[in-house]
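>>> Predicted model follows, preceded by the sequence.
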Amino acid sequence: MNIEQARFNMIEQQIRPWNVLDQDVLDLLLVVKREDFVPAEHKALAFVDSEIPLPGGEAMFTPKLEARLMQEVLVKKHEHVLEIGAGSGYMAALLAHKARHVTTVEIKPELKALAEANLARAGFTNVTVELGDGAQGWSKGAPYDVIVISGGLESVPEAFLKQVKVGGRIAAIVGQAPVMSAELITRVSETAYDTVKVFETNVKPLANAVTASRFTF
């Protein structure tokens, strides 16, 4: 496999057609090597338009979903970012390339170890991988400039809203399968938030995410 040709095809055939037109984001996909964050047994799938299995029954987002989220949150060099769900560490690597510092929280020890190893090998020194349950955010280090939640939520918990700075953004995928919306929530004041639904998708629920109570009769 010609890796650079496969990477080029991923960008031109999957990502650009999905309205990822920010040249900074497209360039970032050339710099941060996705294949370095894919489990060895799935390396051949690194640039394919599908979720890649990870240990513990989890999966990497599709390349176009990762790229679109990066485009929407517009991370800046001075910003501190919280990611919930480290997975393989790839999304944290994309964020870290743009941010001052990224804290990524992973509930599964085997994925924490994987993300840490991948990030260290790729030379990232501005990412902290924490082991813990981030379903209600991560108060250590709050408030953050940007929060990216790498898993589905039925609704965004109040805790996340409180942990983002005024002017800060939260990227969350909200709803119930099969129809979920990627939302960009901007905190516009101490008490007000502006929510924009950016696109529809469908991802696995975040571990321990709060679910709406369902009444059965």
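Looks like it came in fine. Bear in mind the structure is a predicted one, so any value in this text is a computation, not a measurement. Numbers count the residues shown, from 1 in each chain.
>>> rest of the way, CA atoms for contacts and neighbours
Will do.
>>> Return the backbone torsion pair for residue 143.
The phi/psi pair for residue 143 (degrees, to the nearest 10) reads phi -80, psi 150.
>>> thinking it is in contact with residue 164, fair?
Yes: here residue 143 lies in contact with residue 164, judged by CA atoms under 8 Å, at a distance of 4.9 Å.
>>> Name the spans of the chain whose pLDDT lies under the cut-off.
Counting by pLDDT under 70, the chain shows low-confidence ranges at 1, 212-217.
>>> any idea where the strands of this structure begin and end?
Using DSSP state E, the strands of the chain run over 52-53, 59-60, 80-84, 101-106, 127-131, 144-153, 164-176, 179-187, 193-201.
>>> Throw those into a markdown table and include mean neighbour count and distance to residue 28, thanks.
Formatted as a markdown table, the strands of the chain follow (neighbours: other CA atoms under 10 Å; distance: least, CA to CA, whole Å):
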| stretch | mean neighbour count | distance to residue 28 |
| --- | --- | --- |
| strand 52-53 | 18 | 20 |
| strand 59-60 | 20 | 18 |
| strand 80-84 | 27 | 17 |
| strand 101-106 | 25 | 16 |
| strand 127-131 | 20 | 17 |
| strand 144-153 | 25 | 17 |
| strand 164-176 | 23 | 19 |
| strand 179-187 | 21 | 21 |
| strand 193-201 | 14 | 21 |
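>>> Distance to residue 13 added to the ones you listed, as JSON lines?
Below are the strands of the chain laid out as JSON lines (distance: least, CA to CA, whole Å):
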{"stretch": "strand 52-53", "distance to residue 13": "18"}
{"stretch": "strand 59-60", "distance to residue 13": "19"}
{"stretch": "strand 80-84", "distance to residue 13": "27"}
{"stretch": "strand 101-106", "distance to residue 13": "29"}
{"stretch": "strand 127-131", "distance to residue 13": "30"}
{"stretch": "strand 144-153", "distance to residue 13": "24"}
{"stretch": "strand 164-176", "distance to residue 13": "24"}
{"stretch": "strand 179-187", "distance to residue 13": "21"}
{"stretch": "strand 193-201", "distance to residue 13": "18"}
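>>> got the contact list for stretch 178-189?
Stretch 178-189 is contacted from outside by 72-73, 152, 161, 164-175, 193-203, using CA atoms under 8 Å, 6 or more residues apart in numbering.
>>> Format the CA atom coordinates belonging to it as PDB.
The C-alpha coordinates for stretch 178-189 follow below in PDB (Å, rounded to 0.1, in the frame of the first residue of the first chain):
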ATOM      1  CA  PRO A 178     -29.700   6.000  14.600                       C
ATOM      2  CA  VAL A 179     -30.200   9.700  14.400                       C
ATOM      3  CA  MET A 180     -27.700  11.800  16.300                       C
ATOM      4  CA  SER A 181     -26.500  15.400  15.800                       C
ATOM      5  CA  ALA A 182     -23.100  16.800  16.200                       C
ATOM      6  CA  GLU A 183     -23.600  20.000  18.100                       C
ATOM      7  CA  LEU A 184     -21.300  23.000  18.700                       C
ATOM      8  CA  ILE A 185     -22.300  24.700  22.000                       C
ATOM      9  CA  THR A 186     -20.700  28.100  22.600                       C
ATOM     10  CA  ARG A 187     -20.800  29.700  26.000                       C
ATOM     11  CA  VAL A 188     -21.700  33.300  25.300                       C
ATOM     12  CA  SER A 189     -22.100  34.500  28.800                       C
END
